[in-house]
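Colleague: Need a 3D model of the sequence below.
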Amino acid sequence: MFFSIVVSILLLILILGVLVTAHEFGHFITAKLSGIRVHEFAVGMGPKLWKKKKGETLYSLRALPLGGFCAMAEDETPDPSDTHAFPNAKRHRRALVLAAGSLMNFLVGFLLLVIVNLPVSWYADTKLAGTMPGFAFAGEDGFLPGDRIVDINGHAIYVSADINLFLSLGAGEPFDITLERDGRRLRLLDLPLTRSVPDESGVLRYGFYFDSLPATLGVKLQQAWYGAVDNVRLVWVSLGDLIGGRAQVDDLMGPVGMGGVVNDIVQDETATMGVKTLSLLNLAAFLAINLAAMNLLPLPALDGGRLFFLAIDALLSLTRRKSLNPKYEGYIHAAGLILFFGLMIFVFFNDILRLFGWK
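Modeller: Model (predicted):
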């Protein structure tokens with residue numbers, strides 16, 4: 001038990017360290033290609049174990065495997081003639097550098113999903129193969145074999161997992177579903193679907209089942225891409241639930257909670273080592289894409305917040321108004337960072353309470 005917990009902690013540190021390093025490498029390589037000076041690119045945090053200066057950049061390997069950083073001295077006020085300083089770079093170059101970290105995380109997540117999909121031999125399609133006996137919504141005015149589900153309550157359906165996701169999110173309420181039948185779109189309104197039809201194994205289903213899809217290389221790449229897109233969409237759906245009150249802040253999970261997920265995977269005695277590895281890679285892909293999406297939110301202290309202020313500055317320049325004072329923008333980001341750390345502390349203690357069954 002103790003050994004598996006230690007292994008789980010080390011695996012989570014490794015996963016998060018790789019993802020943060022990949023994020024910072026996105027900033028680093030884009031800055032270099034854009035002619036922006038990078039003072040230091042570090043892998044890890046804490047005391048330096050190794051360092052080497054090459055050109056204008058110090059490369060370092062640090063003791064703690066907790067990510068890394070790319071230091072471009074964004075908050076400095078350099079000589080206006082210094083075109084290699086980040087604050088003096090053209091706006092589109094700064095925007096690209098700021099977005100590159102999240103783009104790198106998304107790319108890593110997509111590549112991990114490609115690996116996860118390689119062993120798959122078939123997929124469930126989004127095309128209906130049939131409906132179960134007694135299902136109330138089968139027939140000309142409902143579902144027919146060959147229908148493809150393309151939309152549920154305004155959410156586009158890319159893969160079969162989307163169907164379960166958006167039906168479960170709307171459980172207890174009628175659904176508006178768009179089908180594709182014989183090349184035309186058919187909209188079914190206010191369907192009161194419930195998980196009330198058991199299959200042979202006793203598992204409750206919605207009353208229909210799907211064709212299988214051959215797992216060719218093209219289909220595997222497509223499924224990996226749609227999986228990455230779905231992870232981004234899930235972030236927005238979750239935020240909408242949080243803002244709309246359908247989810248609570250208590251539902252948020254931090255590193256401790258993720259450590260519990262990793263531990264569950266490690267301790268699963270029914271899974272082979274290969275299955276566990278794929279599960280960990282799938283979790284890493286989920287975290288990578290979530291990091292990409294969350295970091296682009298237009299909130300202070302995040303790259304998305306910096307991009308937001310950059311966009312405001314561009315609009316002000318179009319109207320020939322004075323640019324934003326970097327000092328005040330810095331204050332806003334600092335306040336956002338304090339609030340962010342406060343939220344992280346809350347989530348951390350909430351994870352601890354949940355871990356010990358106190359919530």
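
Colleague: Report the buried residues of stretch 329-346.
Modeller: 329, 333 (16 or more other CB atoms under 10 Å). All C-beta spots, glycine's among them, are computed from the backbone N, C-alpha and C.

Colleague: Same check on stretch 263-279?
Modeller: Using 16+ other CB under 10 Å as the test for burial, stretch 263-279 gives 263, 265, 266, 278, 279.

Colleague: Mind pulling the model confidence for residue 76?
Modeller: Residue 76 is assigned 63 on the pLDDT scale.

Colleague: same check, this time on residue 246
Modeller: With respect to pLDDT, residue 246 scores 70.

Colleague: Now name the helix or strand holding the nearest residue to it once chain neighbours are set aside.
Modeller: Nearest non-adjacent residue to residue 246, counting by CB to CB, 6 or more residues apart in numbering: residue 240, 8.0 Å away. Element membership of residue 240 [criterion: DSSP states H and E] is helix 217-243.

Colleague: pLDDT (mean, whole number) over that helix?
Modeller: The model assigns helix 217-243 a mean pLDDT of 90.

Colleague: Following element in sequence after it, please.
Modeller: helix 255-267.

Colleague: Touching that following helix from outside, list them.
Modeller: Helix 255-267 has contacts (CB atoms under 8 Å, 6 or more residues apart in numbering) with 4-5, 7-9, 11-12, 15-16, 253, 271, 276, 279-280, 283, 287, 347-348, 351-352, 354-355.

Colleague: Run through the residues that contact residue 69.
Modeller: 24, 40, 41, 42, 45.

Colleague: mind redoing it with 10 Å?
Modeller: Residue 69 makes contact with 20-21, 23-24, 27-28, 40-45, 60, 62, according to CB atoms under 10 Å, 6 or more residues apart in numbering.

Colleague: shaky segments in this protein?
Modeller: 1-2, 74-78, 134-141, 171-172, 194-205, 245, 247-251, 354-359 (pLDDT under 70).

Colleague: which residues in the stretch 101-250 of the chain form helices?
Modeller: 160-169, 217-243 (DSSP state H, counting those that start in this stretch).

Colleague: circling back: and which of the buried residues of stretch 263-279 is nearest to residue 55?
Modeller: Distance to residue 55 across the buried residues of stretch 263-279 (CB to CB) is lowest for residue 278, with 40.7 Å.

Colleague: correct me, but that closest one touches residue 116?
Modeller: Yes. Counting by CB atoms under 10 Å, residue 116 is a contact partner of residue 278 at 5.4 Å.

Colleague: domains for this structure, by residue range?
Modeller: Split into domains by automatic domain parsing, the chain comes to 89-121+215-359, 123-214.

Colleague: For those, give me CSV that also has distance to residue 83.
Modeller: What follows is these, written out as CSV (distance: least, CB to CB, whole Å):
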stretch, distance to residue 83
domain 89-121+215-359, 7
domain 123-214, 44
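
Colleague: Ok, which of those domains comes nearest residue 51?
Modeller: That would be domain 89-121+215-359 among those, by CB to CB, at 22.4 Å.

Colleague: Determine how far that closest one lies from the middle of the whole chain.
Modeller: Put simply, domain 89-121+215-359 sits 4 Å off its chain's centre (CA atoms, centre = their mean, to the nearest Å).

Colleague: Okay, strands next: where are they in the stretch 251-359 of the chain?
Modeller: Assigned strands in the stretch 251-359 of the chain: none (criterion: DSSP state E, counting those that start in this stretch).

Colleague: Would you map the helices across it?
Modeller: With DSSP H, counting those that start in this stretch as the criterion, the stretch 251-359 of the chain has helices spanning 255-267, 273-295, 303-318, 326-355.

Colleague: okay, the angle between the shortest one and helix 326-355?
Modeller: An angle of 50 degrees separates the directions of helix 255-267 and helix 326-355 when computed by axes from the mean of the first three to the mean of the last three CA atoms, to 10 degrees.

Colleague: wait, what's in contact with the most centrally placed residue in the chain?
Modeller: Geometric centre of the chain, nearest residue: residue 290, 2.0 Å, by CA atoms, centre = their mean. Shown in contact with residue 290 (CB under 10 Å, 6+ apart): 19, 105, 109, 231, 232, 234, 235, 238.

Colleague: Repeat that for residue 24.
Modeller: Contacts of residue 24 by CB under 10 Å, 6+ apart are 41, 42, 43, 67, 68, 69, 70, 71, 100, 101, 104.

Colleague: Grab the nearest non-local neighbour of the third one.
Modeller: Looking back up the chat, that one is residue 43. Closest to residue 43 by CB to CB, 6+ apart is residue 68, at 4.6 Å.

Colleague: I appreciate the help and will end here.
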